[in-house]
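Q: My questions are about this predicted structure, shown below with the sequence.
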Amino acid sequence: LAVGLLVGLVNGVLIAYLRLSAFIATLATMTSVIGLAYLVTGGTTVFGMPAEFNELGQGRFLNVPLPVYFAVVISVLIWALLRFTTLGRRLHAIGGNEEVARLSGVNVRWARMLAFTMAGFISAIGGILLAARLGSAAAEQGGDNTLFSVAAVFLGMTVIRSGAANLGGTMIGVGIIGVMSNGLNILGVNAYIQQVVTGLIIIAAVVLSGLKTRER
């Protein structure tokens with residue numbers, strides 16, 4: 001969790017204070033962190049996690065996997081933050097128009113840095129749950145989830161609040177992508193074809209989101 005927080009803070013400083021492109025900065029730190037992970041693990045997959053740790057990802061309560069509860073709790077907390085706090089309103093303002101937010105008195109740099117720091121911390125929680133669910137950890141584990149997360153966000157933009165990123169829509173997008181992925185696996189569809197399908201979904205979602213934004 002501390003490492004995730006630190007990586008998020010580095011991203012925030014690079015983007016908010018050094019004015020790097022968010023895409024370039026996060027891509028660069030991702031590459032560096034993967035390299036550090038290879039150094040720490042010696043390029044091998046780590047096994048032998050404690051049973052209590054694996055329970056975080058493999059355990060169930062009322063026959064529902066524990067990661068689902070973690071996802072719901074984190075989502076509710078983020079929703080409450082964005083909906084009911086001053087910071088949430090500031091983040092919405094920055095997302096709408098950064099210059100207008102700055103002229104309105106919002107400390108844009110600080111808010112953006114804080115947002116990326118929180119993102120790093122929450123991503124670390126996701127990494128922990130993934131390692132616990134698989135019972136192992138590797139440097140590039142979960143790399144495929146990058147595309148899935150992008151697809152989920154853009155799908156959410158076409159479902160709720162047309163053309164705008166939102167938590168509710170993103171959760172629906174995650175559900176759609178999860179069902180699609182599991183369905184293709186059950187049907188025995190080739191993994192490479194699944195990547196093609198995911199890419200097409202992202203393209204379609206971006207196009208639909210753009211069309212709805214223009215309609216607004």
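A: Yep, it's here.
Q: Distance check, the residue sitting nearest the centre point of the chain against Ser21.
A: Central residue check for the chain by Cα atoms, centre = their mean: the C-alpha nearest the mean position is that of Ser149, 5.7 Å away. Distance from Ser149 to Ser21, counting by Cβ to Cβ, to the nearest Å: 19 Å. C-beta: built from backbone N, CA, C; applies to glycine.
Q: Could you do Asp144 as well?
A: Distance from Asp144 to Ser21, by Cβ to Cβ: 24 Å.
Q: Settle it for me: which of those two has more neighbours?
A: Asp144 (14 against 11; other Cβ atoms under 10 Å).
Q: quick one, phi psi at that one?
A: Dihedral pair for Asp144: phi -70, psi -20, per degrees, to the nearest 10.
Q: for the worst-scoring helix or strand of the chain on mean pLDDT, packing partners?
A: Within the chain, no helix or strand scores below helix 191-215, which has a mean of 74 by mean pLDDT, DSSP states H and E. Counting contacts by 3 or more Cβ pairs under 8 Å, 6 or more residues apart in numbering; DSSP states H and E, helix 191-215 packs against helix 145-159, helix 167-186.
Q: Select, out of those, the one closest to Tyr38.
A: helix 145-159 (17.6 Å; Cβ to Cβ).
Q: Residues contacting that closest one, please?
A: 130, 163-166, 168-174, 176-177, 181, 195, 198-199, 201-202, 205-206, 208-209, 212 (Cβ atoms under 8 Å, 6 or more residues apart in numbering).
Q: try stretch 6-20
A: Contacts for stretch 6-20 (Cβ under 8 Å, 6+ apart): 21-22, 25-26, 28-29, 33, 108-110, 112-121, 123-124.
Q: quick one: the residue located most distally from the centre of the chain and Leu39, what's the gap?
A: Distance from the centre of the chain peaks at Leu103, with 29.5 Å (Cα atoms, centre = their mean). Leu103 sits 45 Å away from Leu39, going by Cβ to Cβ.
Q: what do you get for Val174?
A: To Leu39, Val174 is 32 Å away according to Cβ to Cβ.
Q: same question, Val3
A: From Val3 over to Leu39 (counting by Cβ to Cβ), the distance is 13 Å.
Q: about what we covered before: which among the contacts of helix 145-159 count as buried?
A: Among the contacts of helix 145-159, those buried by neighbour count (16 or more other Cβ atoms under 10 Å) are 130, 164, 166, 169-174, 176-177, 181, 198, 201-202, 205-206, 208-209.
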